[in-house]
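Novice: From the sequence below, what's the structure:
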Amino acid sequence: MKPDSSFRHRRDFIKEVGLATAGVMLHQSLPADTTNSPAEAKSGEVPRRKLGRTGEMVSIIGVGGHTFALAPGEAESLFIIREAIDSGINFMDNAWEYHDGRSEILMGKALKGRRDRAFLMTKCCAHRRGQTKAAALKMLEESLTRLQTDRLDLWMLHQLTDMNEVNAAFKEGGPLEGLLEAKKQGKVRYLGFTGHQSAEIHLAMLKHDFPFDAVLMPVNAFEANRKGFRTEVLPELQKRELGILGIKSLGGHPAKVLRSGKYTAKDLLRFSMSQPITTQIVGMKSLENLRDNLELVRNFTPMKPAEMEKLVAQLSTDNAAQGYAQYHLPGYRDGHGLVA
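Specialist: Residues are numbered from 1 along each chain as shown. Next up, the predicted model:
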C-alpha cells in the first residue's frame, strides 16, 4: 500500500510515546503458574499477577462492569464493589456505554473511600460517536465525572469488530490520538483495546505497533481446533509482554452453557484463569456470585493440561450443537446484547 500523510502522521505520534517492547515468546500451552505467576499470597488471599510490562499487580479476577449493575437493587450493586475491594479484588472493569452510563455512576459511588485501592478500567466507545479524537476525549471527561475520579488506571478502545473500525482507530484525528492525548495529560495511566468477535481484528490492531499496555479478549474453553483468541492472539500478546485480560469464560450473557447442567461456572472460570493471562473479568450480579468467586480464587490451583484438553474436547461438540458461545453471533455487542 502506498504510504500517505495520515500514515506518516500516525507513525510520528506513536513515536512520541514509544513503541511497544517485544518480549520473549512463551508457548501458548503452558499453564498460568509457569507463564504469568500469581504473586505470593497468604492463605485466603486473592492472588495477583503482573499486568504485562507495566509492573502493576492486579487480582486474577476482576468485577465485570456491566453485570454488577444488574443486581436486584442499587444497594447490592454498591456492596458488590465494596466487598470485592475489601476482600482483595482490585481490578474494576467498566465502559462508557454500559447501561447508558449507569454502571459508571454506580461504580463511582461505590469507590468513594476506596478509589486508591482499586485498579480502575473503563472503555472508550468510539463506535458510538464517530471515531474521532475529539469524541474520545469528550467520552473520557464524561466517564471521569461519572466515576468521580480524576484519572483512570487503564482506558481501552472498545469493541473493535471489523477492519473499518481498525482503520478508523488509526486515522489522523482518530480515537487512538485521543488515548495518547489523555495519557499525556495524566488523566490515563495505561492504554489498551478490546474486542470479542474476531482474532484477526486483534492481530491487525497489534501490527500497527501502537504502545498498548493491555488487550482484552475472550479467553475460554469454547475454542477448540480452530484459530482463535486463545490459540492465535494470546501467544502474540505474551511475545509483546502485554497485559492480557480475559472475558467470556461462560460464553457471554446469558450464560446458556450453565442451563445445560453439564458444566459449572467454577470449572469454566478455573479453565480461563489457568491460561497465561493477567486477569479474568467476570460478571457478578449478586453478593452470592461474588462470594462464590472469592472462594474459588482464594483456593485457586491451575487446571492440569489433561483436564483442560478434556473440557475443550467436550465443549467443542456441545458448543457447535447448542451455540453456547453467544459472543460469536453476528451483531453481538457487549452492553447491548444482540443488535441488528
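
Novice: which non-adjacent residue is nearest A214?
Specialist: G243 (3.4 Å; CB to CB, 6 or more residues apart in numbering). No exception for glycine: its C-beta is placed from N, CA and C like everyone else's.

Novice: What's the separation between that neighbour and M217?
Specialist: Separation of G243 from M217 (CB to CB, to the nearest Å): 12 Å.

Novice: I figured S143 was touching L152, is that so?
Specialist: Yes: the criterion here is CB atoms under 8 Å, and S143 meets it with L152 at 7.3 Å.

Novice: Quickly list what's touching both of the two.
Specialist: Residues touching both S143 and L152 by CB atoms under 8 Å, 6 or more residues apart in numbering: T122.

Novice: Would it be right to say that E307 lies in a strand?
Specialist: No: assessed with DSSP: H, G, I helix; E, B strand; the rest coil, E307 is helix; it does not lie in a strand.

Novice: Could you count how many residues lie near it?
Specialist: 14 (other CB atoms under 10 Å).

Novice: And for K187?
Specialist: 18.

Novice: Nearest residue to it in space, please, no chain neighbours.
Specialist: R151 (5.4 Å).

Novice: check contacts around that neighbour.
Specialist: Shown in contact with R151 (CB under 8 Å, 6+ apart): L144, G186, K187, V188, R189.

Novice: Show me what G62 is bridged to.
Specialist: Per DSSP bridges, the residues bridged to G62 are F91, I281.

Novice: how close does the most centrally placed residue in the chain get to A71?
Specialist: Geometric centre of the chain, nearest residue: L216, 3.5 Å, by CA atoms, centre = their mean. Using CB to CB, one obtains 23 Å as the distance from L216 to A71.

Novice: again, but for F222
Specialist: Here the criterion is CB to CB. By it, F222 lies 27 Å from A71.

Novice: And the two? Which one has more around it.
Specialist: With neighbours defined as other CB under 10 Å, F222 and A71 compare such that F222 has more, 28 against 20.

Novice: Now the more buried one. Nearest residue, chain neighbours left out?
Specialist: Nearest to F222 is A325, by CB to CB, 6+ apart, at 4.3 Å.

Novice: ok, that neighbour - contacts?
Specialist: A325 neighbours (CB under 8 Å, 6+ apart): P218, N220, F222, K248, G251, G252, N319.
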